[in-house]
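Asker: give me a 3D structure for the following:
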Amino acid sequence: MTLYHGSKDIVEYPEIRKARFNKDFYFGFYCTNIEKQAERWATRYGEKGYINRYEYTENTELKILRFEKMTEEWLDFIISCRSGQAHQYDMAKKNNNNLFFTCSLIEYIGRNRKQHRREITDYLGRENIKRIYDYADVFHCEPIQKVAAEFMEQCNIPEGKFDNVSMCRYTVPDYWDIGEVYERLIEDIYDDAEIEKGIWDIYHSWIDAHISDYNTDFYYQPRDYIAACYKAGEIL
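Answerer: As a prediction, this is how the structure comes out:
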């Protein structure tokens, strides 16, 4: 597995240094499998930076905590670490939470304003979507309701008539769950360098209406099947 670490320095030999306590996963050497994210870290102070690259082989003897998505457990763990409480794990791992948060925020706003999700992306615009994706690691520190309210006001998103939540005859999936469906589809179709394009394309494609139809089980299907349908241009 290739991992990246963005820094103002070249770090040939990673090491854990005890410094400030307020880190997401306490003391540690922070890496990402997304090169673009490491680039943002490297230049976050507006200065010249370096993207350090490492090849990592998982050690089964390590005690690893994995977070597949943003959950209450994930948030509680981060709050605990930022308050300076130590934990028992050697490593903590999370997925592309920037994309997951972006898609979940679009879903949340769509439900709140009763708009088709492609219309939400139109109101937000490419620039704001890029901003949300680039700084999701900052936005997710706030309640999603607060972040959504700020963008709804800023972008003047009106209330529409598309209420797929009320139309649902079964258990309504959580907005985080639907955000994950979009996240996985975008990841399966687009390379890391094309994620922002993928967000725009997927939400403006024919598949958006099918994912938003909670009276079918399409959104609940395996990610490979949904990706195959998208590539074929139809429900298989």
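Asker: please tell me how far residue 181 sits from residue 118.
Answerer: 15 Å (Cβ to Cβ, to the nearest Å). No exception for glycine: its C-beta is placed from N, CA and C like everyone else's.
Asker: in terms of neighbours, single out the busier of those two.
Answerer: Between residue 181 and residue 118, residue 181 has the larger neighbour count (other Cβ atoms under 10 Å), namely 20 against 17.
Asker: for that one, what is the enclosing helix or strand?
Answerer: Assigned by DSSP states H and E, residue 181 falls within helix 175-189.
Asker: ok now whichever strand or helix holds residue 208, how far from the chain's centre?
Answerer: Assigned by DSSP H and E, residue 208 belongs to helix 207-211. Remark: helix 207-211 is offset 19 Å from the chain centroid, using Cα atoms, centre = their mean, to the nearest Å.
Asker: centre-most residue in this structure?
Answerer: By Cα atoms, centre = their mean, the chain has its centre lying nearest to residue 100, at 2.4 Å.
Asker: helix, strand, or coil at it?
Answerer: Assigned with DSSP: H, G, I helix; E, B strand; the rest coil, residue 100 falls in the helix class.
Asker: how deep is the residue lying closest to it once chain neighbours are set aside tucked in, by neighbour count?
Answerer: Nearest non-adjacent residue to residue 100, counting by Cβ to Cβ, 6 or more residues apart in numbering: residue 183, 4.6 Å away. Here the number of neighbours of residue 183 (other Cβ under 10 Å) works out to 25.
Asker: does residue 183 touch residue 99 like I think?
Answerer: Yes - using Cβ atoms under 8 Å, residue 183 is in contact with residue 99, at 4.9 Å.
Asker: where does the chain have low pLDDT?
Answerer: Along the chain, the parts satisfying pLDDT under 70 run over 16-26, 44-46, 68-72, 74-75, 78-79, 81-96.
Asker: contacting residues around residue 129?
Answerer: Counting by Cβ atoms under 8 Å, 6 or more residues apart in numbering, residue 129 touches 102, 121, 196, 199-200.
Asker: which one of these sits in the busiest neighbourhood?
Answerer: Of all the contacts of residue 129, the highest neighbour tally under other Cβ under 10 Å goes to residue 102, namely 27 neighbours.
Asker: hmm, residue 200 and that residue touching each other?
Answerer: No - under the criterion of Cβ under 8 Å, residue 102 is not in contact with residue 200, lying 11.2 Å apart.
Asker: just checking, residue 228 touches residue 236?
Answerer: Yes - because the distance of 6.1 Å satisfies Cβ under 8 Å, residue 228 is recorded as touching residue 236.
Asker: can you pick out the residue with more neighbours from these two?
Answerer: residue 228 (13 against 10).
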